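1. what would the 3D arrangement of this be:
(chains A, B, C, D, E and F)
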4 protein chains.
Amino acid sequence: MEAEPETRLRADARRNREQIVAAAKQVFLESGPDVPMEEIARRAEVGVGTLYRRFPDRGELIRAVARDNFATVLAEATAAATEEPNAWAAIVRLLSRSRELRLSLRLALMSPMARAIVSGDPKTVEFRAEMMRVLDLLVTKAQAEGVLRKDVGSGDLAVMCRLTLERLPLDLEVSDDVILDRVIGVMLDGLRAQPGSPLPGRPLTSDDLSAR
Amino acid sequence: MEAEPETRLRADARRNREQIVAAAKQVFLESGPDVPMEEIARRAEVGVGTLYRRFPDRGELIRAVARDNFATVLAEATAAATEEPNAWAAIVRLLSRSRELRLSLRLALMSPMARAIVSGDPKTVEFRAEMMRVLDLLVTKAQAEGVLRKDVGSGDLAVMCRLTLERLPLDLEVSDDVILDRVIGVMLDGLRAQPGSPLPGRPLTSDDLSAR
Amino acid sequence: MEAEPETRLRADARRNREQIVAAAKQVFLESGPDVPMEEIARRAEVGVGTLYRRFPDRGELIRAVARDNFATVLAEATAAATEEPNAWAAIVRLLSRSRELRLSLRLALMSPMARAIVSGDPKTVEFRAEMMRVLDLLVTKAQAEGVLRKDVGSGDLAVMCRLTLERLPLDLEVSDDVILDRVIGVMLDGLRAQPGSPLPGRPLTSDDLSAR
Amino acid sequence: MEAEPETRLRADARRNREQIVAAAKQVFLESGPDVPMEEIARRAEVGVGTLYRRFPDRGELIRAVARDNFATVLAEATAAATEEPNAWAAIVRLLSRSRELRLSLRLALMSPMARAIVSGDPKTVEFRAEMMRVLDLLVTKAQAEGVLRKDVGSGDLAVMCRLTLERLPLDLEVSDDVILDRVIGVMLDGLRAQPGSPLPGRPLTSDDLSAR
DNA sequence: CATGAATGAGGATTCATTCAT
DNA sequence: CATGAATGAATCCTCATTCAT
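-> Now for the predicted structure:
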């Protein structure tokens, strides 16, 4: 799903690049986006030099990891929209299954620095646009199906997805997944078309989430 | 609401301490928990030396900021429980008003390092215990009132509070607050005692959230 | 002769600063302007940190050394102009005695990088202006005295001074000083008002040497 | 004028070698002898690998560039001695025309490191010997012609040539060439057999300039 | 007791050189 | 043989922490 960057690389160089991104993702998750580059290189079983040849600075690496995640998230969203029998099922799957995505976007959440880097990336904008396109569709359809309450928009849905990506602060007895699944359950119930209390404001659209 | 540490300090020393914690909170929020100590000192209009006299190392400072936040959060929770006419109203207020707390606990969420430091602090355990005590009470009462669905526990409520503390990643057109208020609305509807779909697992209790 | 930078520094800090500049001058001369900062720090008997506190980067240090040299050169020029009985004698002394200055300005001659840094410094401009002021005076007076040929200007003199600052490439049997004194002798003879062949172009003035 | 090294190389290999030396000369001049090898390779439109095949290390490359310059300088000196009608004319041409050589030897002047490498090269010794042979001849003849003052030797002449190779520090309004031509004019006048003041010491011979 | 200087370990980054393709 | 990738040592620079003033 990635595009041009690694278009023509010698076979081994490409493999290296992938190893590095994978290692970085892992290490960032474990220890935050400030881990020594050397640590990342070690995990990727590469010399620091190689890492730097591929990613001129930490920012570039962060961007690469983020893009990689975007691709995964988008793929899952598209799959849900495509494979599920109806839109509501897709939404349920998206929120629930995003458990598998939880590991991903957390990167951008960590340090303000990382946040800034990712936000500044044009690819981020692209990703967001595509993601919202998918969500828009789902929301419209699910509302037509009569299952989704009318006063929510794709923007609201996006925010809920985002929230479930959160890493809960501590090592708990119960796993993050179990816990979040319950919260998601509550949210899904809250999303159902029912007498429920009206939400403040108006449905958030994809436009509401455009940066700035 | 702070406790013993600064029990007996000369007036000016106490003022220093407070300035430092305030500056640290601010700076941590802006630039993450890795900002140079010197930066914090500058903001607090103190020399680094003074900062170090008060907080022997960065960890101590992070702990102090966290404790300060705990105090605030707890105060708000207690106030809600006390002042609202019924438990459900208190819960609504807690979730909604936590908007005012949003700025607070984010600290612990930033770097894995900060997380570790805060978790390791006995005060954190104390805080959590007290907080859960309040929530337990609210949940029980609200369920007795017949408004809160029976299959949620104080643990579930805690997690939802926590989620609303999240800083959304980007500068959006619509403010974080507005957005989160809508999600909270959905959650509250989902929390109502209604035919809604059963949640997975069993109600989370305060014990389920004990660390480790 | 240096001005504000070290205006109010604690006694020891000031001493450190001076030690560093002295060490840097020495080391730059020995090994060029690319020597490891650590080497300079070692020579100055300071930690690298201290060096960096005083001179945020290598450029700043180079600038400081250059300014220090400017002061020395200017002092010598002024002294020559003041103390010698007539302008010709001052010129002779300037060219000959610049032997003592030889060690100095070589810095700027070394790497293109160093050159760039020094040229970009406003203090360099100031220095040059003052220096040319002195030379202008000397040239005018010496020509009035009838000793200096009429077709040279202060610019020409400046260039000759500059050339004598050159470090001769190799370790020779005969010292650089002896050798250069002879060249200077030839130049001085060539500068005398005499039938000698006319020089190409017109006398170089201080303006001709203005940068750009 | 180069000798054995590339005696038998395939035509394209030789071309490569020449491109590299040319690029290196250019780049050294622009940015000093510490430019990344990769930069040189790029300019020569070769891979680093190729560069390293030809010149096992940076020193070797510097040496090659220096030797190349030596050849040029020597050729010019010989031409002057041969083609000019008399020795004085040859000397004048040598000093003046060395304008064309100015670009050359500056290399050795840059960093102490480069200096060391070049000095250590046996070819440098050879070059110097040949050069001094030519100068010796010129000096003797020019003195016999009665034009050159008696108290200078070939060593003095060599030093003057060297000085005119200097790059003047800054971007001036007037070009380096014009300026240096005037200084050379002064020197030439000073070199004329005339009552001028006696030079210090004794004429420098080629021996005086032997290294060490 | 406050201050800001000094220290030095640690992490980022570059680049000479080697080596697989 | 040419190429460009990989390596890692060397150097820059920052910042937590200590200590003299």
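
2. surely residue A:180 and residue A:164 touch.
-> Yes - using Cβ atoms under 8 Å, residue A:180 makes contact with residue A:164 at a distance of 5.5 Å. (Each C-beta comes from the backbone N, C-alpha and C, glycine too.)

3. what's the burial count for residue A:150?
-> Each residue near residue A:150 was counted by other Cβ atoms under 10 Å in any protein chain shown, and the total is 9.

4. distance of the nearest residue to it once chain neighbours are set aside from residue A:156?
-> Closest residue to residue A:150 apart from its sequence neighbours, by Cβ to Cβ, 6 or more residues apart in numbering or on different chains: residue A:143 at 5.8 Å. Distance, residue A:143 to residue A:156, by Cβ to Cβ, to the nearest Å: 12 Å.

5. those two: which has the busier surroundings?
-> Comparing residue A:143 with residue A:156 by neighbour count (other Cβ under 10 Å), the higher total belongs to residue A:156, at 26 against 19.

6. wait, a strand at the more buried one?
-> No - the assignment for residue A:156, made by DSSP: H, G, I helix; E, B strand; the rest coil, is helix rather than a strand.

7. got a pLDDT number for it?
-> What the model reports as pLDDT for residue A:156 is 87.

8. which residues touch the closest residue to it other than its chain neighbours?
-> Sequence neighbours aside, residue A:204 is the residue nearest to residue A:156 in space, at 4.8 Å (criterion: Cβ to Cβ, 6+ apart). Residues near residue A:204 by Cβ atoms under 8 Å, 6 or more residues apart in numbering or on different chains: A:152-156, A:158-159, B:174, B:179, B:182.

9. picking up where we left off before, could you say which helix or strand holds the residue nearest to residue A:150?
-> helix A:122-144 (DSSP states H and E).

10. average pLDDT for that helix?
-> On average, helix A:122-144 scores 90.

11. off-centre distance for it?
-> 13 Å (Cα atoms, centre = their mean, to the nearest Å).

12. contacts for it next, please.
-> Contacts for helix A:122-144 (Cβ under 8 Å, 6+ apart): A:63, A:66-67, A:70, A:73-74, A:77-78, A:81, A:86-88, A:90-91, A:94, A:118, A:148-150, A:152-155, A:157-158, A:193, A:205-206, A:209, A:211.

13. 6 Å instead, please
-> Applying Cβ atoms under 6 Å, 6 or more residues apart in numbering or on different chains, the contact partners of helix A:122-144 are A:67, A:70, A:74, A:77, A:81, A:87-88, A:90-91, A:118, A:148, A:150, A:154, A:157-158, A:206.

14. related to what we said a few turns ago, looking at residue A:180 and residue A:164, which has the bigger crowd around it?
-> For residue A:180 versus residue A:164, neighbours defined as other Cβ under 10 Å are more numerous around residue A:180 (23 against 20).

15. ok, the more buried one - contacts?
-> Counting by Cβ under 6 Å, 6+ apart, residue A:180 makes contact with residue A:164.

16. that one: which element?
-> Going by DSSP H and E, residue A:180 is part of helix A:176-191.

17. now that helix: buried residues?
-> Neighbour counts over helix A:176-191 (16 or more other Cβ atoms under 10 Å in any protein chain shown) mark A:176, A:179-191 as buried.

18. quick check: mean pLDDT of that helix?
-> Rounded mean pLDDT across helix A:176-191 is 83.

19. what residue ranges in chain A score low on pLDDT?
-> For chain A, the stretches with pLDDT under 70 are A:1-10, A:98-110, A:166-176, A:195-203, A:205-212.

20. off-centre distance for the helix or strand residue A:80 falls within?
-> Assessed by DSSP H and E, residue A:80 sits inside helix A:58-83. Taking the mean of its C-alpha atoms, helix A:58-83 sits 6 Å from the chain's own mean (Cα atoms, centre = their mean).

21. any residue of that helix up close to DNA strand E?
-> Yes - counting by Cβ under 7 Å from any atom of the strand, DNA strand E is contacted by helix A:58-83 at residue A:58.

22. what's that helix packed up against?
-> Applying 3 or more Cβ pairs under 6 Å, 6 or more residues apart in numbering or on different chains; DSSP states H and E, one finds that helix A:58-83 contacts helix A:11-31, helix A:87-109, helix A:112-119, helix A:122-144.

23. which of the residues in it are buried?
-> By 16+ other Cβ under 10 Å, the buried positions in helix A:58-83 come out as A:58-59, A:61-74, A:76-77, A:80-81.

24. and the residue of chain A that's closest to chain D?
-> Chain D sits closest to residue A:53 of chain A, with a gap of 11.2 Å, by Cβ to the nearest Cβ.

25. am I right that that residue is in a helix?
-> Yes - under three-state DSSP, residue A:53 sits within a helix.

26. next up, the contacts around it.
-> Neighbours of residue A:53 in contact, by Cβ under 6 Å, 6+ apart: none.

27. wait, residue A:21 sits on residue A:63?
-> No - in this structure, residue A:21 is not within contact of residue A:63 by Cβ atoms under 6 Å, at 10.4 Å.

28. pull the number of nearby residues for residue A:113.
-> For residue A:113, the count of nearby residues is 16 (other Cβ under 10 Å).

29. pull the contacting residues for it.
-> For residue A:113, no residue meets the contact criterion (Cβ under 6 Å, 6+ apart).

30. quick one: residue A:164 from residue B:187, how far?
-> From residue A:164 over to residue B:187 the distance is 12 Å, taken as Cβ to Cβ.

31. repeat for residue A:160
-> Residue A:160 is 9 Å from residue B:187, where distance means Cβ to Cβ.

32. with adjacent residues omitted, what lies nearest to residue A:43?
-> Using Cβ to Cβ, 6+ apart and skipping the chain neighbours, the partner closest in space to residue A:43 is residue A:23 (3.8 Å).

33. report how many residues lie close to that neighbour.
-> 21.

34. roughly how far does it sit from residue A:15?
-> Distance from residue A:23 to residue A:15, by Cβ to Cβ: 12 Å.

35. tell me, how many neighbours does the residue of chain A found nearest DNA strand F end up with?
-> At 2.0 Å from DNA strand F, residue A:49 is the closest residue in chain A, using Cβ to the nearest atom of the strand. Number of residues near residue A:49 (other Cβ under 10 Å) recorded here: 9.

36. so which strand or helix has it?
-> helix A:48-54.

37. quick check, that helix touching DNA strand E?
-> Yes - contact of helix A:48-54 with DNA strand E (Cβ under 7 Å from any atom of the strand) involves A:48-49, A:52-53.

38. do stretch A:116-136 as well
-> No - using Cβ under 7 Å from any atom of the strand, we find that stretch A:116-136 stays clear of DNA strand E, coming within 12.0 Å at best.

39. in that stretch, what's buried?
-> The neighbour-count check on stretch A:116-136 (16+ other Cβ under 10 Å) flags A:117-119, A:121, A:123-124, A:127-128, A:131-136 as buried.

40. touching stretch A:79-88 from outside, list them.
-> Here stretch A:79-88 makes contact (Cβ under 6 Å, 6+ apart) with A:90, A:93-94, A:134, A:138, A:141-142, A:145, A:147.

41. just the buried members of those residues?
-> By neighbour count, with 16+ other Cβ under 10 Å, those hold A:90, A:93-94, A:134, A:138, A:141-142, A:147 as buried.

42. nothing else from me, thank you.
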